[in-house]
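Engineer: after the sequence you'll find the predicted model.
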Amino acid sequence: MAVHNEAKLGEIAKTVLMPGDPMRAKYIAETFLEDYKLVNNVRGMLAFTGKYKGKEITVMASGMGMPSIGIYCYELYKFYGVENIIRIGSCGGHVDYLKLLDVVLVSGSYTEGNFARNMTEKECHFIEASEYLNEIIENTAKEINQDYTKGNMACTECFDPYLDDPMSFTNRIPKEYNAMGSEMESFALFYTAKHLGKNAACLLTVSDSLCFKEELTSEQRQLSMNNMIKLALESAIRI
Ligand code: HPA
């Protein structure tokens, strides 16, 4: 059974929203869910199950990076019967058409890393999100008038601002992928979902950029996060 999750069977919904930060999971439950209950607290990786507009949804944190989300999403899919995971996180932009606070829907994820080989012995460095979930998210975005940019992301193992030479990294990403920016979890989530025959998608808010020097206020960050969270919740009830 799940080594890193103490929820009982039946306490986790079929659809899970997955922010990186446990405090964001708590904020989402407190702000958007009704009748919510804490179902996991192992390692502080908070999970809450509650209702959004009458539909049962779980919101559970993933922690940061591929190894962390890889563990939690594997356990949700494999041991709890979860069918759909929508990651809701932040990303750094690599292209000037992606502005700070924009909402991104990830089409596919490129990694230089070896998560796929480690898990399945197969060489794989690019994986697409679930077309099924992305179509629901795009239709929902249109319905609720939420702008978004759809495209590929680089899934990294080191935060862009801490790289010795960020340009050398971005130049190394194969041009065919047109990576719009970096985040650190989507490849492991998409790969695990495909491997287990499940669905995964990823929505992101642009929190920093290699193209712009501005800094965001925490109020700006929260407001744009709320737009992304609402899009994820409204999509989840349409699955
Ligand atoms: N790089 C990787 N992950 C991120 C970034 C970044 O610049 N910003 C937010 N998540």
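Structural biologist: Received it, and whenever you're ready, just let me know what you need.
Engineer: what about this structure, any weak spots by pLDDT?
Structural biologist: Scanning the chain for pLDDT under 70 picks out nothing.
Engineer: just give the closest residue to the spatially most central residue of the chain, not the sequence neighbours.
Structural biologist: Central residue of the chain (CA atoms, centre = their mean): Arg87, 2.2 Å from the mean position. Closest residue to Arg87 apart from its sequence neighbours, by CB to CB, 6 or more residues apart in numbering: Cys202 at 4.3 Å. The C-beta positions use only the backbone N, C-alpha and C, and glycine is treated the same way.
Engineer: also Leu163?
Structural biologist: Leu163's closest residue in space is Phe169 (CB to CB, 6+ apart), at 5.6 Å.
Engineer: related to what we said a few turns ago, isn't the residue nearest to the centre of the chain right up against Glu185?
Structural biologist: Yes. In this structure, Arg87 is within contact of Glu185 by CB atoms under 8 Å, at 6.0 Å.
Engineer: joint contacts of those two?
Structural biologist: The contact sets of Arg87 and Glu185 overlap at Ser62, Ile69, Cys202 (CB atoms under 8 Å, 6 or more residues apart in numbering).
Engineer: helix, strand or coil for Gly108?
Structural biologist: strand (DSSP: H, G, I helix; E, B strand; the rest coil).
Engineer: what do you get for the one 10 residues further on?
Structural biologist: At Asn118 the chain is in helix, as set by three-state DSSP.
Engineer: count the residues that sit near it.
Structural biologist: Counted with other CB atoms under 10 Å, residues neighbouring Asn118 total 12.
Engineer: which phi and psi does Glu123 have?
Structural biologist: phi -80, psi 120 (degrees, to the nearest 10).
Engineer: ditto for Asn178
Structural biologist: According to degrees, to the nearest 10, Asn178 has phi 50, psi 50.
Engineer: gap between stretch 108-115 and the chain center?
Structural biologist: From the chain centre to the centre of stretch 108-115 is a distance of 15 Å (CA atoms, centre = their mean, to the nearest Å).
Engineer: do the same with stretch 1-12
Structural biologist: For stretch 1-12, the distance to the chain centre is 20 Å (CA atoms, centre = their mean).
Engineer: and the chain, which residues reach the ligand?
Structural biologist: Within the chain, the residues that sit near the ligand (CB under 6 Å from any ligand atom) are Ser90, Cys91, Gly92, Thr156, Phe159, Asp160, Pro161, Ser182, Glu183, Met184, Ser207, Asp208.
Engineer: for the ligand, what is the nearest residue in the protein?
Structural biologist: Gly92 (2.2 Å; CB to the nearest ligand atom).
Engineer: now do the helix or strand in which that residue is found: which elements does it pack against?
Structural biologist: Using DSSP states H and E, Gly92 maps to strand 84-93. Contacting strand 84-93 under the criterion 3 or more CB pairs under 8 Å, 6 or more residues apart in numbering; DSSP states H and E are the following elements: strand 15-18, helix 66-80, helix 131-143, strand 181-183, helix 186-195, strand 199-209, helix 218-236.
Engineer: and for the last one, what's in contact with it?
Structural biologist: With contacts defined as CB under 8 Å, 6+ apart, helix 218-236 is touched by 15, 17, 24, 28, 32, 52, 55, 57, 84, 86, 88, 90, 101, 103, 133, 136-137, 140-141, 143-144, 146, 148, 201, 203-205, 207.
Engineer: list buried members of these by neighbour count.
Structural biologist: Using 16 or more other CB atoms under 10 Å as the burial test, the contacts of helix 218-236 include 15, 17, 24, 28, 32, 52, 57, 84, 86, 88, 90, 101, 103, 133, 136-137, 140-141, 146, 148, 201, 203-205, 207 as buried.
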